[in-house]
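What shape does this take:
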Amino acid sequence: MSGPNAPLYAKRSLRVINAESDDGSTEYKRQVHKLSTSRLHTLATQMSYRLDEGHGRCTYHIGVEDDGCHSVLDYSAVSESAWVLESIARSLNAVVLERKMIQNEVELGDDGTLKLVENVNDVLVVEEPPVLGSGIDSRLNCEDEKEEKSCGDDEEASKKKLLRKLSAADEAYTRCELTIQRVETHLLDPSPLSLSSLSRGSSFAEGAKGAEEASTLNNLERLKLSSSASTSCNKEESKVSGESVANAEMNDTQHPVNTVEETLSTRNIRVAVVGNVDAGKSTMIGTLTTSFLDDGRGSSRTSIMKHRHEIESGRTSTSSSHLMGFRHSGEPIAGRDKIRANKMKSEDEIARESYRIVTLMDLAGHEKYLKTTIHGVSSGFADYAIVLVNSRHPPTHMTQHHLNLCCSFGIPIIVVFTKIDGCPEHALATSKSEVAKLLKSNEVGRRPYAIKTEQDIITSMGKLHTLAPTIDISCVTGEGLDLLRKMLFSLPKRRRHEKKVARPFEFLVEDTFLNVPGVGSVVSGFVNAGELNVGSNCEVYVGPTNDGTFLKTVAKSAHVARINTSHITAGQSACLAFSLNKELRKKLRRGMVVLQESPTATKEFDAEICVLKGEGTTIRRSYQAYVHILNVRQSAFAREIEIVNNNALGLPPSHNAKEDTEGIVLRPGSRAKVRFEFAQRPEYIRPGMRMLFRDGRVRGVGIITGIP
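Residues are numbered from 1 along each chain as shown. Below is the predicted model of the structure:
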């Protein structure tokens, strides 16, 4: 070959390995540097393909041409490329198992041309530790570390000696072999780099300088990034710009290392989403969690619905929870995978990327599913409630029921007017005036406050027990969605579950899965109090069964947001796996509890109730109602009624309960102490639990005061 590039091609004609194949798990790269964001996404897609081809493992040869010839690059260029590829691997839930640096394969001959070395023993192969670390939780590798230490310090000393032999000179032609392994997401530390930050800082501290730093073990420790994504992004930007390590440590102080456990408990805001059947609850949740606008024909809601009949009819019949993540800055995390656009991110991926999480509970809106909605609000431990109103139609009686339901549990309300795209102005004005009347009624007692700017959000914070913020949105055009996201991010944590960690462990069962392949019986629910370390020695009591007894079993494993964990604590939604035989599995049901201390069930309980104002309701002895107590729901009879002095509370005499020839009669607005008896089976309840009773519609609320 002739021309100006002839010497370059001559240099790269020394074959060191076989040529690359288009298929398989091996990839060759000459050099990876100064990349745009689009190029990084292409490389990530390529690496994902190689990992799939190798069933989770692939090998990258850096400094090698596609035909297997040596690229004749120095150490700094190869080290920089290896660092970029390692960062891309971490974004794909993969880690570098092995990083081999190979030198002295090519030498300069007497005639000034390059040639392969004749003596293979002269080739220097050094295993360097990955720059970003293994990414695996150190607790999982403690046994392996003990075994490695027991082998003696000779290997460590020899590795240090070999590492010092690597040369960063221009004539030290180097290539690298990276072995990349995909791992389970729950074993991996939070991704230290995003692809966007990598594209801004892909020079690896200006090439040669970063390579020299990476060539020493001491500085490698400084370059290991194990903090959260946003913290590490600040670190990398400070390194690329040449700032000191002290500035990076300052960023660590400003944004401390966050664990997934903290995010899912202390920084998890639970929001119940209620509204009429045509208000667009599922569509709004789908748009917020996926970050994709709706097409006006239900594309957003289909991504979160659970059953086929829900997708076909467009009506939600069950309660479901969906995670929406935010970074430190308040930027929402897209719910779709960056590499595979059609793939939704799993809950564990969202949890690991997030600084704060908002759990959106999608509840049914149709009147025939009101029982399910009441149970979802009762057992959901919601911090706030979003009441959706279709701006094109005035609010219905179901909207009033949902407002009264949320106020009965003392949940602050946010009103969202949906479908404002193409809505006539007079229709929107009518809907807002009707909602304002409902909010100002005695049963609700809130003042509507329109949210138009970010300053309005700041103003409403801290006043949500007297104000009801209203936001206009459209899931088709995206109008108002940014304000709603900022509103959700700004909401303070209302329920402090971390204060209940010192109490005895209490897990409320919401759903049961009797035979999970390879696992056995699994229950899902909410940790109401205490903490639990699962394992082979973790004995718990599950119940009560229909006869009031509890099953003694072992909680062998746990999942939180699909992340395998050995420890669960108050405030988390979790799943527990039990060691139960086939006969005992059949006794599991919704409404049970999981406790560590030997409990007792009861069929009777005393409660102080308040009958809600509204439609005429007469309550006397033997009155039967459907009772909701957290996750417990069952019919109960009123056995004894005792009048509470309403005058001491400042209520007018008309609200006092009356006593006729048949005994005490309770009417709307009256208060009384009532002894209830469950109609079917005993349940686990304790004093202090909030209850709600209804006979078709909500009739009253109360607090359990004692167990006879």
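
hey, let's count contacts and neighbours off CA atoms from now on
Will do.

Which parts of the stretch 251-400 of the chain are strands?
For the stretch 251-400 of the chain, the strands defined by DSSP state E, counting those that start in this stretch occupy 268-275, 320-326, 356-362, 384-390.

Tell me the bridge partners for the residue nearest to Val644 when sequence neighbours are not counted.
Distance criterion C-alpha to C-alpha, 6 or more residues apart in numbering; nearest residue to Val644, sequence neighbours excluded, is Ala672 at 4.8 Å. Using DSSP bridges, the bridge partners assigned to Ala672 are Ile609, Ile643.

pLDDT wise, what is Ala672 at?
Ala672 carries a pLDDT value of 90.

same thing with the one 5 residues further on?
The confidence metric pLDDT takes the value 94 at Glu677.

Hmm, it is touching Ser622, no?
No - contact between Glu677 and Ser622 fails when scored by C-alpha atoms under 8 Å: they sit 9.7 Å apart.

hey, what's in contact with both of the two?
Phe637, Ala638, Arg639 (C-alpha atoms under 8 Å, 6 or more residues apart in numbering).

okay, those in a markdown table with neighbour count, secondary structure and pLDDT next?
Output for the shared contacts of Glu677 and Ser622, formatted as a markdown table (neighbours: other C-alpha atoms under 10 Å; DSSP: H, G, I helix; E, B strand; the rest coil; pLDDT from 0 to 100):
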| residue | neighbour count | secondary structure | pLDDT |
| --- | --- | --- | --- |
| Phe637 | 19 | strand | 93 |
| Ala638 | 19 | strand | 92 |
| Arg639 | 17 | strand | 91 |
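
And these, which is closest to Ile350?
Distances from Ile350 to these, taken as C-alpha to C-alpha, are shortest for Phe637 (45.1 Å).

Okay, now the unreliable bits of the stretch 1-150 of the chain?
By pLDDT under 70, the weakly predicted segments of the stretch 1-150 of the chain are 1-11, 133-150.

And for the chain?
1-11, 133-166, 168-171, 184-259, 306, 311-315, 336-343, 613-616, 645-662.

on that earlier part again, neighbour count for Glu677 and Ser622, which is higher?
Glu677 (21 against 14; other C-alpha atoms under 10 Å).

give me every residue that touches that one.
Neighbours of Glu677 in contact, by C-alpha under 8 Å, 6+ apart: Lys603, Glu604, Phe605, Ala636, Phe637, Ala638, Arg639.

Surely it forms part of a strand?
Yes - applying DSSP: H, G, I helix; E, B strand; the rest coil, one finds Glu677 inside a strand.

i'd like the first residue to be 44 from this point on
Sure, I'll start counting at 44 from here, so that last one is Glu720.

so who does the closest residue to it other than its chain neighbours touch?
Counting by C-alpha to C-alpha, 6+ apart, Glu720 lies nearest to Glu647, which is 4.4 Å off, once chain neighbours are set aside. Shown in contact with Glu647 (C-alpha under 8 Å, 6+ apart): Arg718, Phe719, Glu720, Phe721, Pro725, Ile750, Pro751.

contact partners of the helix or strand in which Tyr103 is found?
Using DSSP states H and E, Tyr103 sits in strand 100-105. Contact with strand 100-105 is made by 68-74, 93-94, 121, 124-125, 218-225, as judged by C-alpha under 8 Å, 6+ apart.

ok, now stretch 427-434?
Residues outside stretch 427-434 that contact it (C-alpha under 8 Å, 6+ apart): 313-319, 321-324, 438, 442, 445-446, 449, 454-463, 466, 470-471, 474-475.

next one: stretch 467-482
If you take C-alpha under 8 Å, 6+ apart as the criterion, stretch 467-482 is touched by 432-438, 443, 446, 463, 487-491, 511.

Repeat that for stretch 488-508.
Applying C-alpha under 8 Å, 6+ apart, the set of residues contacting stretch 488-508 from outside is 455-456, 479, 482-483, 509-514, 526, 529-530, 533-535.

same question, stretch 331-348
325-330, 354, 357, 359, 365-367, 377-379, 387, 518-521, 524, 528.

List the buried residues of it.
Judged by neighbour count (16 or more other C-alpha atoms under 10 Å), stretch 331-348 contains these buried residues: 331-337, 342-348.

and which of the contacts of Glu720 is nearest Gly739?
Nearest member of those to Gly739, counting by C-alpha to C-alpha, is Ala679, at 13.8 Å.

Name whatever forms a beta bridge with that closest one.
Ala668, Phe721.

Tell me which residues touch it, please.
Counting by C-alpha under 8 Å, 6+ apart, Ala679 makes contact with Gln667, Ala668, Tyr669, Val670, Phe719, Glu720, Phe721, Ala722.

and what of Gly373?
By C-alpha under 8 Å, 6+ apart, Gly373 lies in contact with Lys529, Phe532.

rewinding a little: hmm, Arg663 and the residue nearest to Val687 touching each other?
No - assessed by C-alpha under 8 Å, Ala715 is found out of contact with Arg663, at 10.9 Å.

I'd like the distance between Glu161 and Ser64.
Distance, Glu161 to Ser64, by C-alpha to C-alpha, to the nearest Å: 27 Å.

that's a strand at Leu175, yeah?
No - the assignment for Leu175 by three-state DSSP gives coil, which leaves it out of any strand.

Number of residues surrounding it?
Leu175: 22 surrounding residues under other C-alpha under 10 Å.

isn't it right up against Val127?
No - counting by C-alpha under 8 Å, Leu175 stays clear of Val127, with 10.4 Å between them.

State the phi and psi torsions of the closest residue to Phe593 other than its chain neighbours.
Nearest non-adjacent residue to Phe593, counting by C-alpha to C-alpha, 6+ apart: Gly586, 4.4 Å away. When read as degrees, to the nearest 10, the backbone of Gly586 gives phi 170, psi -160.
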